[in-house]
Structures are given as structure tokens and as C-alpha cells.
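Student: Return atomic coordinates for the entry below.
(one chain, ligands or ions: 2)
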Amino acid sequence: MANVKCNPDLVRERAKCSFDVNELIHLIDGGENATKEKRHFEETIFSVKELQDAVPEEYLSHKDRYENAVRKATILRDVCREYMKKYNYKPNRFRVGHGVFKDVSPFLLHDGMFVATIIGQGTPEQQAEWLPKAENMQIIGTYAQTELGHGSFIRGLETRATYDPKTEEFILNNATLSSFKWWPGGLGSTVNHCIVVAQLFINGKSYGIQPFIVQIRDLNTHKPLPGVKVGEIGPKMGFQTANNGFLGFENFRIPRMNMLMKNAQVLKDGTFVKGMNEKLTYGTMVMVRVGIVGDCSLNTSLAATIAVRYSAVRHQSKIKAKEPEVQILDYVTQQHKLFIAIASSHVFRNVYSWLSKSYLNVMKDLAQGKQDHLPELHATACCLKAVCSRDAGSVVEECRLACGGHGYMTSSNLPLVYGFTIATVTYEGEQTVLLLQTARYLVKAWLAALQGKVLAPSVSYLSDWLKNDNVRWQNTPEGIVKGFQHVAAGKVKAAYDTIQKYIKLGKDYEDAWNLASVQLMKASEAHSRSILCEVSWGEVIRTSASPNLLQVLKQLAQLYLVYWTLETSGDFLVYSNISKDDIAILREKYEELLAAIRPNAVGLVDAFDLRDEILHSTLGSYDGRVYERLMEEALKSPLNQESVNASFHKYLKPLMEKAKL
Ligand SMILES: CCCCCCCCCCCCCCCC(=O)SCCNC(=O)CCNC(=O)[C@H](O)C(C)(C)COP(=O)(O)OP(=O)(O)OC[C@H]1O[C@@H](n2cnc3c(N)ncnc32)[C@H](O)[C@@H]1OP(=O)(O)O
Ligand SMILES: Cc1cc2nc3c(=O)[nH]c(=O)nc-3n(C[C@H](O)[C@H](O)[C@H](O)COP(=O)(O)OP(=O)(O)OC[C@H]3O[C@@H](n4cnc5c(N)ncnc54)[C@H](O)[C@@H]3O)c2cc1C
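Tutor: Numbers count the residues shown, from 1 in each chain. Ligands and ions are numbered 1, 2, ... in the order given. Down below sits the predicted model:
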């Protein structure tokens, strides 16, 4: 990239960067070798001609766009397969996926959830049966859980799997419209298999929801099998190429062994054998929630790269009347909009790495029959997924707005990035619903703290606070992290007290919970923010890097802490010992941090190392040829391929002629 002829503003920006961009790239990737491997893989993918679109896909019809996405998905699969064989390297398909599809792959759910559920929910025999076929694409699948009538409340799912001991089969039925599966990616026209999450019935008795692996289309003709009604749900706000679909069954039989039985089992005679913990059926969701925190980091870095490079190239208005128009990046308000995006991407990445480790540890424990840490993992993954996805959505939108009118152009790619980022707020557990799951855990933890019990590490601050809620405020990163814990503890206590108040007024627990749920949700958000601050600051101070780079990483981490303290200063005034003077000091600190980060802004986004083919943006390319690219892309419009459009003769001319009469 270094040899590309660049916009002079970007050249100047890169020259003033105070740290080694390559050092940060390696740090993000996990080492110099990892960067080399990543770049070699990406070079290979993006040199495949067939993966490049001649016409921007937004000009294609819904159907053509889908077909083009499937075409590319299959080529990508082949190239990756060959690559993995040749180099023994497991590539990050999600990252290059943004480049190849711009939107999302119709195989997203195959990779993200179908294969993962076979691994997580299947017995060794079931894995041996389906995993090799799924991994090498002999079968293509999705994860079909959500229905028209129920997404969040999965105990309310209506799809039925009734066991027939005579034939040793389950009979699948969707008797009502609301029971139809609705949303699964790839279901519309791509997949031939599904994990179907259905209510298990044996001898008229319900045994809760269980996962079943079901073939829905013929492998040769791709026709839906008899008893299967399947189709696509139509255009959405984003995810256009994900091929989301609907599905219903009528007396559709599958063999007993198609229930994934790693946890619960149904024996031949219809005996139901309970698993160690029925919530383990929800395991794939926990795994994907963890992954989404990592995805938020990537999505945020895409938007930050586009908006920061554009802001370095774009000149508009003046700060001083007699001086030339400035780069819009010099407006402190612009820095306020953008630097939090850079900082957030680093915070999400660090927290993702921390959360992944916890996830893997809990999985190891579960394999040995220990489940003590599962509730803590579930609670942590829920609130982090909810808050990171919401933050990522807001930050991406702020980056888009920060690009003014051009940010509204599809060719900036910001609308598409926003489309797939904001979807993460809803899928894999709607944000409020997940925050309230964490709140359940926090309320229990609070009660345990009141009883003097030892709490899990992520909530131990509740006990500390109970012992001493009168800690002197300190304007240091560690002091701010403590402050966030005080806010969270104060909010948990307030929500808990509110529940108790309603109970004393005669409400039952569930109604009291609902009445206090805004406070519970906010407590959960505060808990999540305290984890984000504590973990990300802790990771940064443990980072081994050159002094110059470490200084910049600390500035970003502090910016995150100070930004969120100021954003939620009302909470700090209520729940901590912060004073108005401390807030004034933090405001000053914030301005200092923006100024300190400003010379490194372009270097910092360069360090996300996102190739132009992944960014897909007229505004964000490495060379900064913004206006040229905007014009080049505009000229690709089909309306520009003819000097006069037929509608002139058909409609406009007659209209003007009528007006003459
Ligand atoms: C860089 C890398 C990039 C990678 C990038 C990856 C992307 C990879 C692409 C994927 C792309 C996806 C595309 C969208 C795919 C969909 O969206 S699939 C559908 C996802 N659907 C959902 O997430 C539904 C959300 N709803 C739920 O999870 C559950 O129904 C709820 C909300 C947790 C409630 O469940 P419930 O059975 O009613 O449970 P509830 O009575 O509230 O609680 C019972 C107890 O179980 C516990 N519990 C509930 N759930 C769990 C759990 N999962 N575990 C443990 N305990 C649990 C509770 O804590 C509670 O404990 P106690 O307080 O009683 O001790
Ligand atoms: C792009 C996209 C892709 C998806 N892909 C898949 C897929 O591949 N497979 C699949 O199975 N599903 C998929 N889904 C579905 C997704 O998982 C659900 O939409 C999601 O879990 C939310 O459920 P819902 O739509 O029923 O929302 P609802 O639960 O109906 O939410 C509506 C409102 O009700 C509120 N609400 C609901 N319950 C409560 C409660 N207990 N307390 C307080 N408020 C509550 C919510 O907060 C929200 O404000 C996808 C969705 C999207 C948008």
C-alpha cells in the first residue's frame, strides 16, 4: 500500500504519526507472523477475479444480488479450502467476507451456527455422522430457532417434535402460522439442512425445547421435501444477501437419532433422559454472543477507518477567518465524534479476547461435569453482547453522520456497515432481553453480598461497595474504573430496593420485577460498562509494546474511560463521590486526550489494516482519492449509460406537452 500515490493530506498525516503503525498491526493480529499470514491470505482472496463485481451489487435486483452472493460464496469456499490445504492455515472468513460480499454471506449461518451446534450439541456419533459433511459442504445448513410468534421467549416456541416410539421417529409439525420459523439465514433458498429448535413431546407430555437436525431439501433437485414449506422472507434493512427464510412442517418424520443428544436424550422406548443442565441447550447462543463482541470491534474499525481518512482529506470552512479552509478532522467536535470509534474498537477487541478465554475455560469445566461458572459466563456474555452491539451501532452511525452528505452515499459503504452492525443489537438475543438476563444474575449476586457470601470475580465489587460505599474519588484511570463499579453497585442496590418496595406494597415478585425493570436494565448496562472499563484498562497496562505505542494505547483507553464518565456524569454525581470540580478536570483531560490523539488519527486507523477491498468505500480508501472515486462510482449508475432515459419520451415529454395546452 505504501507505494500508492496518495492524497497529500494523508501523506502529511502519515508522516506525523508518533508510533510505528506496523507494530500496532502486529499487536492487533497477535504477532508479526500472524500479520504476514493474514495479508497473504487476503492477497490471495482479493486477487481472484471472479470474486470482484463488475457492477456495484446495489444496482442488481434482489434475485440477482442473491444469486451473485451464492456464486461468490461457493468460489470463496473453494479458494479457502485449497488455501487451507496448501498452507495449513485457518483463515478469518468473516473479515474477508465483508470484502467479498459487502453485506453478508448466504453461508453465514452455516459457518456461524450450524456447524457450531453440531459440535456443541451433538454426541460423538452424531458429530461423526454430520460434521465432516457439514465442514466440507456436502450438506449446507442453518440454525432455525426464531418463529413468527416468538424470538426472545424461546420456551414459548411452538414447533412440535412428537416422538413416535413405534417407528422411532420424531414427527415435526407447525400447526399455527405463528409457529413458522422466521429469520434463519440461508433458509430462503440456500440450505438443505437445518438445526430446528422444537418443543419435544413424548406421550403427550412436553419436555421443553430441543435441537434437531433436519434435512429440508432434496440434495439433488434442491426441491423442498414433502411436508416442508420453505421460502424467503423478503428485503430487510440490511443483511440483503443473508437469504433469511421461513419454514414450516406438516407431519414431517425424522429418525430418533436426529435429535442432538449431547445434553438430553430420548431413548428408543421414549424414555427422556435429562441432561446435566437444561440451559446447555442454549449453548450455541452463548458462543455466538461472545463472537459478536469481536465482530463489534471489526465493524467499528471499518466505520472509523472510512470516517477518519475522509475527515483528513475533506476541507470545509475555517477556524480562523484569514487562514485556509481546514481539514474537518481539525474540528474538535469531529474528533469527539471519531476518536471514540477508534477507542471503542480497541476496547471491544480486548474485551472479546478476555471473554473468549472465560468461555473456553467454562467449556473445559463443563466437559468435566463442572458448571459452577456457567451462570457468570451467561450473565457476562449477555450484557457485553447487548452493550457492545448497541455502542457499535451508535458509533458507526456517528461516523456516517460525520461524513456529511457523502456518508449518505451507498458508495461510502457506511449505510451497509450500519445495516449489518445494527442487526447485532437484535439477533442472538434482543438487547433489553439480554440486559434483563444479566440483571437476574446481579440481583442474586446482591442478595448473596447482603448475606456475606463470596461472589464471583465479575461481581465481587458489589461486596466491596457494600463494605465501603464512601470511597474518595480519584481522577486516575484506576479511580475512574472504581467509579464505574460504584455506579453499577449503586444502581443494582437501587433496583433491588425498588423491587423490595413494590413487594412490600403487595405486588408479587414478577410484577415488582417488571415495575423495576427500567432500573434493572440500567443497572445491567452500568455493570457491563464497568467490565468494559476495567478489562480494557487492565489489558492495556499489561500490554508489552514500545514506549511510543504504549503511550498512544493508553491515551485511547483513557479516552474511553473519560468519554463514558462524562457521558454518564449524572450517574456519577448520584452514585459516587465525584464532585463538579472533578467533572471539570475530566472535561479538560478529555480535550487534552483529543489533542494528543489527533496527530495519530490516520496512523491509528491504518493500523486496523483494512484493505480497500474490505472497506469498499469511496470515502475511506488508503489513497484518499475521495472525489475521484465518488465520480467514478456515480458513473457506473445504469442511468448514466445512456444520454436520454426512455422515461423522458414516455412520461416527462407528454407531461410537459400537456402543460402547454
Ligand atoms: C471476531 C469473530 C467474529 C465472529 C462472529 C460470530 C458471528 C457468527 C454469525 C452468526 C450470525 C447470527 C445470526 C443470528 C442468529 C440468531 O439470532 S439465532 C436466535 C437467537 N435467539 C436468541 O438469542 C433468543 C434470546 N432468548 C434467550 O436466549 C432465552 O430465551 C432467554 C432470554 C435467555 C430466556 O430463557 P428462559 O428459558 O426463559 O430462561 P429464564 O427463565 O429467563 O432463565 C432461567 C435460568 O436459565 C439461565 N439461562 C438462560 N439462558 C442461559 C444460557 N444460555 N446459559 C446458561 N444459563 C442460561 C438464566 O440465567 C436463569 O437462571 P436463574 O436466574 O434461574 O438461575
Ligand atoms: C438480521 C437478523 C438475522 C437473524 N437470524 C436468525 C437466524 O439465523 N436464526 C434464528 O433462529 N433467528 C434469527 N434472527 C431472529 C432473532 O434472533 C430475533 O429477532 C431476536 O432474538 C429477537 O426476538 P424477537 O424478534 O422475537 O423480538 P421480541 O422479543 O418480539 O422483541 C420486541 C420487543 O419486545 C421486548 N421484549 C420481549 N421480551 C421481553 C421481556 N421478557 N422483557 C422486556 N422486554 C421484552 C424487546 O425488548 C423488544 O423491545 C435474526 C434476526 C435478525 C434481525
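Student: quick one: low-confidence parts of the stretch 101-250 of the chain?
Tutor: Along the stretch 101-250 of the chain, the model assigns pLDDT under 70 to no residue.
Student: Could you do the stretch 351-500 of the chain as well?
Tutor: Nowhere does the stretch 351-500 of the chain drop to pLDDT under 70.
Student: Break down it into its helices, ranges please.
Tutor: Under the criterion DSSP state H, counting those that start in this stretch, helices of the stretch 351-500 of the chain are mapped to 374-401, 414-426, 431-450, 460-467, 477-504.
Student: Deepest-packed of those, please.
Tutor: Ranked by mean neighbour count, the helices of the stretch 351-500 of the chain are led by helix 374-401 with a mean of 24 (mean count of other C-beta atoms under 10 Å). C-beta coordinates here come from the backbone N, C-alpha and C atoms, glycine included.
Student: ok and the residue in the protein nearest ligand 2?
Tutor: Residue nearest to ligand 2 within the chain (C-beta to the nearest ligand atom): residue 151, separated by 2.3 Å.
Student: Please verify my assumption that that residue contacts residue 183.
Tutor: Yes - counting by C-beta atoms under 8 Å, residue 151 touches residue 183, with 7.3 Å between them.
Student: More neighbours: which of these two?
Tutor: Neighbour count, other C-beta atoms under 10 Å: between residue 151 and residue 183, residue 183 has more, with 24 against 18.
Student: does residue 239 really touch residue 103, like I thought?
Tutor: Yes - counting by C-beta under 8 Å, residue 103 is a contact partner of residue 239 at 6.6 Å.
Student: So those two - more neighbours on which side?
Tutor: residue 103 (23 against 19).
Student: Would you confirm that the more buried one contacts residue 237?
Tutor: No - at 11.2 Å, residue 103 and residue 237 do not qualify as touching, with contact defined as C-beta under 8 Å.
Student: residues shared between the contacts of these two?
Tutor: Common neighbours of residue 103 and residue 237 are listed as residue 419 (criterion: C-beta atoms under 8 Å, 6 or more residues apart in numbering).
Student: Count residues in the vicinity of residue 298, would you?
Tutor: Neighbourhood size, residue 298 [other C-beta under 10 Å]: 22.
Student: quick one: buried residues of stretch 519-534?
Tutor: Within stretch 519-534, the residues scored as buried using 16 or more other C-beta atoms under 10 Å are 519-534.
Student: Show me which residues of the protein are close to ligand 2?
Tutor: Counting by C-beta under 6 Å from any ligand atom, the residues of the chain lying close to ligand 2 are 109, 142-146, 150-152, 183-185, 239, 244, 423, 426-430, 432-433, 436.
Student: intersection of neighbour lists for residue 239 and residue 103?
Tutor: By C-beta under 8 Å, 6+ apart, the residues touching both residue 239 and residue 103 are 419, 420.
Student: just to revisit the earlier point, turn the helices of the stretch 351-500 of the chain into JSON lines, columns for distance to residue 132.
Tutor: Putting the helices of the stretch 351-500 of the chain into JSON lines (distance: least, C-beta to C-beta, whole Å) gives the following:
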{"stretch": "helix 374-401", "distance to residue 132": "29"}
{"stretch": "helix 414-426", "distance to residue 132": "30"}
{"stretch": "helix 431-450", "distance to residue 132": "34"}
{"stretch": "helix 460-467", "distance to residue 132": "44"}
{"stretch": "helix 477-504", "distance to residue 132": "46"}
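Student: Which one of those lies nearest to residue 194?
Tutor: helix 414-426 (20.1 Å; C-beta to C-beta).
Student: Report the inter-axis angle for that closest one versus helix 374-401.
Tutor: With axes from the mean of the first three to the mean of the last three C-alpha atoms, to 10 degrees defining the directions, helix 414-426 sits at 160 degrees from helix 374-401.
Student: Can you tell me which residue is spatially central in this protein?
Tutor: Residue closest to the average C-alpha location in the chain (C-alpha atoms, centre = their mean): residue 292, at 3.6 Å.
Student: isn't that one right up against residue 423?
Tutor: No - the criterion here is C-beta under 8 Å, and residue 292 misses it with residue 423 at 10.1 Å.
Student: Give me the nearest residue to the residue of the stretch 101-250 of the chain found nearest ligand 1, chain neighbours excluded.
Tutor: Residue nearest to ligand 1 within the stretch 101-250 of the chain: residue 112 (2.8 Å; C-beta to the nearest ligand atom). In space, not counting the residues next to it along the chain, residue 112 is nearest to residue 288; the distance is 6.4 Å by C-beta to C-beta, 6 or more residues apart in numbering.
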